[in-house]
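[1] below are the sequence and a predicted model for it; my questions follow.
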Amino acid sequence: QKEVEQDPGPLSVPEGAIVSLNCTYSNSAFQYFMWYRQYSRKGPELLMYTYSSGNKEDGRFTAQVDKSSKYISLFIRDSQPSDSATYLCAMSEGNTGNQFYFGTGTSLTVIP
Amino acid sequence: GAVVSQHPSWVICKSGTSVKIECRSLDFQATTMFWYRQFPKQSLMLMATSNEGSKATYEQGVEKDKFLINHASLTLSTLTVTSAHPEDSSFYICSAGRLGYEQYFGPGTRLTVT
């Protein structure tokens, strides 16, 4: 079993839709949960990080972590064509230098 | 803040030659840098973790004699692909770690070996 599971998609939605992206994991020691956005042939860009369980909101983006279910989500409200990218979840136990464990990424296309 | 640069962004080399890729953290000191490899439509595969002033820790299956990593300072790490072959063609991405939960990625280097 992989440390982190993520549905690769692809996911295609109309502009303005609410997008839900999810990851599950198996390691209960993970404390930090990150979402990265990666455009084609570019490095990943950190969107949000969450420590432990709970919700975090930043503009149109909301990250949720449910440690009891080992499940994390990223919601994108009012999706825009510029949101079209691959979204990667990542997790870490949190100590400096700790390895990040990435999901396979979900490819999202927002259709104008 | 938290900008990481990579150079070159794209390199083409002949089989058997060596290629060096530089990764720099521009506005912060990174005690740890990571090197990843990414194939098309696939996720990031961690190759090695390097700490400033010490030897890199390679992931299982990664040849350390082929992928030489030098973390010379708190702002610079280099990856040298020695005796490159076409199967080494890939997208190589570095990241620099600051706090335990922060990892900032470079823009990546596309290597094509002919």
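    Okay, I see it.
[2] quick one, grab the pLDDT at residue B:101.
    Note for residue B:101: predicted pLDDT of 67.
[3] show me what the residue most central in space within chain B bridges to in the sheet.
    The residue lying closest to the centre of chain B (Cα atoms, centre = their mean) is residue B:35, at 3.7 Å. Residue B:35 has these beta-bridge partners by DSSP bridges: residue B:48, residue B:94.
[4] up against chain A, what does chain B have?
    B:4, B:6, B:31-32, B:34, B:41-44, B:46, B:49, B:51, B:91, B:93, B:95, B:97, B:99-108, B:110 (Cβ under 8 Å from any Cβ of the partner chain). Any C-beta I mention is one placed from the backbone N, CA and C, and that applies to glycine too.
[5] of these, which belong to helices?
    Judged by DSSP state H, the residues of chain B next to chain A include no members of helices.
[6] identify all contacting residues around the helix or strand hosting residue A:87.
    Residue A:87 is part of strand A:85-92 when elements are defined by DSSP states H and E. The contact list for strand A:85-92 (Cβ atoms under 8 Å, 6 or more residues apart in numbering or on different chains) reads A:3-4, A:6, A:21, A:23, A:25, A:27, A:30-40, A:44, A:47, A:72, A:74, A:98-108, B:43-44, B:100-101, B:103.
[7] and for stretch A:63-75?
    Under Cβ under 8 Å, 6+ apart, the answer for stretch A:63-75 is A:18-26, A:28, A:33, A:35, A:47-50, A:52-57, A:61-62, A:87, A:89, A:91.
[8] return the distance of that stretch from the chain's centre.
    How far stretch A:63-75 lies from its chain's middle: 9 Å, per Cα atoms, centre = their mean, to the nearest Å.
[9] quick one: end-to-end distance for it.
    6 Å (Cα to Cα, to the nearest Å).
[10] what mean pLDDT does that stretch get?
    For stretch A:63-75, the mean per-residue pLDDT is 95.
[11] that older thread, which among the contacts of stretch A:63-75 end up buried?
    The neighbour count (16 or more other Cβ atoms under 10 Å in any protein chain shown) marks A:19, A:21-25, A:33, A:35, A:47-50, A:61-62, A:87, A:89, A:91 as buried among the contacts of stretch A:63-75.
[12] quick one, strands of the chain?
    Because you didn't say which chain, this covers chain A. Assigned strands in chain A, in chain order: A:4-6, A:11-14, A:19-25, A:32-38, A:45-51, A:54-58, A:61-66, A:71-76, A:85-92, A:101-102, A:106-111 (criterion: DSSP state E).
[13] try chain B instead
    In chain B, strands defined by DSSP E lie at B:4-7, B:10-13, B:19-25, B:32-38, B:44-51, B:57-58, B:67-73, B:76-81, B:90-97, B:103-105, B:109-113, listed in chain order.
[14] format the ones you listed as a markdown table; extra columns: distance to residue A:78.
    Formatted as a markdown table, the strands of chain B follow (distance: least, Cβ to Cβ, whole Å):
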| stretch | distance to residue A:78 |
| --- | --- |
| strand B:4-7 | 30 |
| strand B:10-13 | 35 |
| strand B:19-25 | 34 |
| strand B:32-38 | 30 |
| strand B:44-51 | 29 |
| strand B:57-58 | 43 |
| strand B:67-73 | 42 |
| strand B:76-81 | 39 |
| strand B:90-97 | 30 |
| strand B:103-105 | 26 |
| strand B:109-113 | 33 |
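[15] so which of the ones you listed comes closest to residue A:82?
    Closest to residue A:82 of those is strand B:103-105 (Cβ to Cβ; 19.1 Å).
[16] about what we covered before: right, and the strands of chain A - which one's nearest residue B:19?
    strand A:32-38 (22.9 Å).
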